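sequence? don't have it. structure:
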């Protein structure tokens, strides 16, 4: 129950301090995102990677700062609950006419739950549902950059329009040959539009900020031609002659889905009104949840908030039960899922059987490494939650016993309201997109009969993608450690993605070695390793027996990726990365690239 009066003298001051904390956070977040343009112009790739890592930490740092201020100035943790009700109402008042109310709500939740503790017990004091609409938010500042710019038919035709929209970004680095690239884009657009005549209400709408990630910048927009809309993105890169190039033209929802994939690093985008960007992007990718769009823009906490709201909504309108996830059980993670929900829930086991030698802290550090690293489309992003409450009647008894047996420290079953309705409370878990484990997919292909062209083609594609995934990870300086098929999944688009992180290492930290020749006949016949092995020694020649037991799989692997069994492949990449080289790994197929504008790169996975 909310109070009838707002008479607590400190309530407004606390609410104002919290809003000040959020405004400081977004000001710093936006400033760092805006600096990505200069780093792109100057080809400061290591600086871009460092900024992408560091920006992820901004939110938690600002929350901690705000909590310290509230404790110091207001002794916030000792204030009565009635005051916190009033704080929330004052905060709602401060969000009126705010350009980022949804982010401010999430910040309020984060600060409040740090102060009041027991997160899942205090829904009255946080924003479980949004209090302020994000529809039609506009800035009153006449000097502010609009969310998007609109372009209309020009005397020079489509090429003139494309040239204008690119030049309006005012990049402080010359293009190698903009006229050439614009002609490629216009030709690609005309081909995609087909025979449809450009109508009188033809226009191109383009988001006003570039999307920066790794070594690329992306123009994102849509062509509106009568009643038809065509989403598109234009990747801008540094070419081999030093100038900028438009490398490709991506069209349609599927291309944009790949660009904004959950397995890629977050974009850096200078946004005045984030919800307006998300609304525009949702019109390009209507099947993509808004939670994932916020996450792709670097606003991970807001994405987590929306995801959890979507999850609670799904629980309300579904009836199936959580179960142990299908597939081979891992030695580090206990995985469960809800059949009707396209995600899996992973919690760290309390104990790890031999030969695993790791700790909970080390596993969490690996997941944080992946969060902060360039995932190059090959490592699934994860949402990390603490103290998550689920209805007990939605858990199978088998799953409860599995958690009690392998992760009892993570489990609490509570009847918090005293009404007999129990809750399962998981202390700490990761949530990620569900994929078909690659070993299951390969077995399904084999069981279908490789004499059938469809099954043989699916197996060939999966093995090709598996090797490409490893090569892309190498390009990002990641050695996956455990390369077994079961640790990779295949997405609905046929993309192979890695999702088992407890053994990953930097390529540059590994020692890639050849297997020494046997010293004697006993060594040659022995099934044991007769040579000394250091903790980070890797012997690529030994991958084959573990991965290539099936003849058809082996044949496909050797056709496409025999180099992965050669120590020279790994060592050469390690040396190039150590020398400061940053590989190009593209979020689109190589066949989509304008060959006349190709940047210099080493073919690598998606770069093929």
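Good, I have the coordinates. Please read all numbers here as calculations on a predicted model, not as lab measurements.

what sits against residue 224?
By Cβ atoms under 8 Å, 6 or more residues apart in numbering, the contact set of residue 224 is 201, 202, 203, 204, 205. Using the backbone N, CA and C atoms, a C-beta is placed for each residue, glycine as well.

same check, this time on residue 99
137, 139, 272, 273.

likewise for residue 193?
Residue 193 touches 223, 225, 230, counting by Cβ under 8 Å, 6+ apart.

next: residue 95.
The neighbourhood of residue 95, defined by Cβ under 8 Å, 6+ apart, consists of 19, 101, 104, 105, 131, 132.

okay, now the unreliable bits of the stretch 501-608 of the chain?
Within the stretch 501-608 of the chain, the ranges that satisfy pLDDT under 70 run 521-528, 530, 596-608.

all strands for it, in order.
In the stretch 501-608 of the chain, strands defined by DSSP state E, counting those that start in this stretch lie at 505-506, 511-512, 537-538, listed in chain order.

same for the second one, what does it pack against?
What it means is strand 511-512. strand 537-538, helix 567-578 (3 or more Cβ pairs under 8 Å, 6 or more residues apart in numbering; DSSP states H and E).

buried ones in the longest one?
Of the residues in helix 567-578, those scored as buried under the neighbour-count criterion (16 or more other Cβ atoms under 10 Å) are 569, 570, 571, 573, 574, 577.

which single one of the contacts of residue 95 is nearest to residue 321?
Of all the contacts of residue 95, residue 105 has the smallest distance to residue 321: 31.6 Å, by Cβ to Cβ.

domain ranges for this protein, per the record?
11-125, 148-287, 318-434, 438-565 (automatic domain parsing).

in a markdown table: the ones you listed, plus distance to residue 587.
Formatted as a markdown table, these follow (distance: least, Cβ to Cβ, whole Å):
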| stretch | distance to residue 587 |
| --- | --- |
| domain 11-125 | 15 |
| domain 148-287 | 5 |
| domain 318-434 | 6 |
| domain 438-565 | 10 |
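
what's the closest of those to residue 307?
domain 318-434 (6.0 Å).

that closest one - what's its average pLDDT?
For domain 318-434, mean pLDDT is 92.

report the buried members of the contacts of residue 95.
Applying 16+ other Cβ under 10 Å to the contacts of residue 95 flags 19, 101, 104, 105, 131 as buried.

and the fourth one, what does it touch?
Applying Cβ under 8 Å, 6+ apart, one finds that residue 105 lies in contact with 95, 127, 130, 131, 132, 305.

got those residues as CSV, with distance to residue 407, secondary structure and pLDDT columns?
Formatted as CSV, the contacts of residue 105 follow (distance: Cβ to Cβ, whole Å; DSSP: H, G, I helix; E, B strand; the rest coil; pLDDT from 0 to 100):
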residue, distance to residue 407, secondary structure, pLDDT
95, 39, helix, 94
127, 31, coil, 75
130, 34, coil, 74
131, 36, coil, 71
132, 39, coil, 75
305, 26, helix, 93
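
please name the nearest non-neighbouring residue to residue 192.
Closest residue in space to residue 192, ignoring its immediate chain neighbours: residue 251 at 4.9 Å, by Cβ to Cβ, 6 or more residues apart in numbering.

buried residues of stretch 305-319, list them for me.
Buried residues in stretch 305-319, defined by neighbour count with 16+ other Cβ under 10 Å: 305, 306, 307, 308, 311, 315.

in strands only, show me the residues you listed.
Nothing among the buried residues of stretch 305-319 maps onto strands, per DSSP state E.

so which of those residues belong to helices?
Cross-referencing the buried residues of stretch 305-319 against helices under DSSP state H gives 305, 306, 307, 308, 311, 315.

hmm, back to that, top of the contacts of residue 193 by neighbour count?
Tallying neighbours with other Cβ atoms under 10 Å puts residue 223 at the head of the contacts of residue 193, with 22 neighbours.

how near is the closest residue to that one other than its chain neighbours to residue 248?
The shortest distance from residue 223 to any non-neighbouring residue, by Cβ to Cβ, 6+ apart, is to residue 230 (4.3 Å). For residue 230, the distance to residue 248 equals 15 Å [Cβ to Cβ, to the nearest Å].

residue 485 too?
With Cβ to Cβ as the criterion, residue 485 and residue 248 are 31 Å apart.

which of the two has more neighbours?
residue 248 (27 against 22).

tell me the pLDDT of the more buried one.
For residue 248, pLDDT reads 97.

rewinding a little: in a markdown table: the buried ones among the contacts of residue 95, plus secondary structure.
Output for the buried ones among the contacts of residue 95, formatted as a markdown table (DSSP: H, G, I helix; E, B strand; the rest coil):
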| residue | secondary structure |
| --- | --- |
| 19 | helix |
| 101 | helix |
| 104 | helix |
| 105 | helix |
| 131 | coil |
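
report the lowest-confidence entry in the residues you listed.
Lowest pLDDT among the buried ones among the contacts of residue 95: residue 131, 71.

any idea which element residue 92 lies in?
Taking DSSP states H and E as the criterion, residue 92 maps to helix 81-95.

residues of that helix that come out buried?
83, 84, 85, 86, 87, 88, 89, 90, 91, 92, 94, 95.

the nearest residue to the fourth one once chain neighbours are set aside: neighbour count?
When you say that, I think you mean residue 86. Excluding the flanking residues, the one nearest residue 86 by Cβ to Cβ, 6+ apart is residue 11, at 3.7 Å. The local packing of residue 11 (other Cβ under 10 Å) involves 23 other residues.

turn the buried residues of helix 81-95 into CSV, including distance to residue 66.
Shown next, in CSV, are these (distance: Cβ to Cβ, whole Å):
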residue, distance to residue 66
83, 17
84, 15
85, 19
86, 18
87, 13
88, 15
89, 19
90, 15
91, 12
92, 18
94, 14
95, 16
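
contact partners for residue 542?
residue 515.

from residue 567, how far out is it?
11 Å.

in contact with residue 250, which residues?
232, 233, 234, 235, 256, 258, 259, 588, 592 are the contacts of residue 250 under Cβ under 8 Å, 6+ apart.

and if you look at residue 8?
82, 83, 86.

next step: the contacts of residue 193 restricted to strands.
223, 225, 230.

using pLDDT, spot the least trustworthy of those residues.
residue 225 (89).

now that one: closest residue in space that isn't a chain neighbour?
Closest to residue 225 by Cβ to Cβ, 6+ apart is residue 202, at 5.2 Å.

phi, psi for that neighbour please.
phi -60, psi 140 (degrees, to the nearest 10).

between the contacts of residue 105, which sits nearest residue 73?
Distances from residue 73 to the contacts of residue 105, taken by Cβ to Cβ, are shortest for residue 95, at 21.5 Å.

how near is the closest one to residue 298?
21 Å.

about what we covered before: check the contacts of residue 105 and tell me the two furthest apart.
It's 95 and 305 that sit farthest apart of these, by Cβ to Cβ, at 14.6 Å.

coming back round to it: and the contacts of residue 99 as JSON lines, adding distance to residue 534 and neighbour count?
Output for the contacts of residue 99, formatted as JSON lines (distance: Cβ to Cβ, whole Å; neighbours: other Cβ atoms under 10 Å):
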{"residue": "137", "distance to residue 534": "57", "neighbour count": "20"}
{"residue": "139", "distance to residue 534": "58", "neighbour count": "14"}
{"residue": "272", "distance to residue 534": "52", "neighbour count": "19"}
{"residue": "273", "distance to residue 534": "53", "neighbour count": "18"}
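
farthest pair within those?
Across the contacts of residue 99 (Cβ to Cβ), the longest gap, 9.6 Å, separates 137 and 272.

show me the shaky parts of the stretch 151-300 of the chain.
Ranges of the stretch 151-300 of the chain meeting pLDDT under 70: 195-196, 199-200.

what are the boundaries of the helices in it?
157-167, 178-193, 252-259, 274-284, 290-296, 300-316 (DSSP state H, counting those that start in this stretch).

please identify the deepest-packed of those.
helix 290-296 (a mean of 23; mean count of other Cβ atoms under 10 Å).

mind giving me the packing neighbours of that one?
helix 274-284, helix 300-316.

do you know which of these lies nearest residue 393?
Taking the helices and strands packed on helix 290-296 one by one with Cβ to Cβ, helix 300-316 is closest: 10.9 Å.

all set now, cheers.
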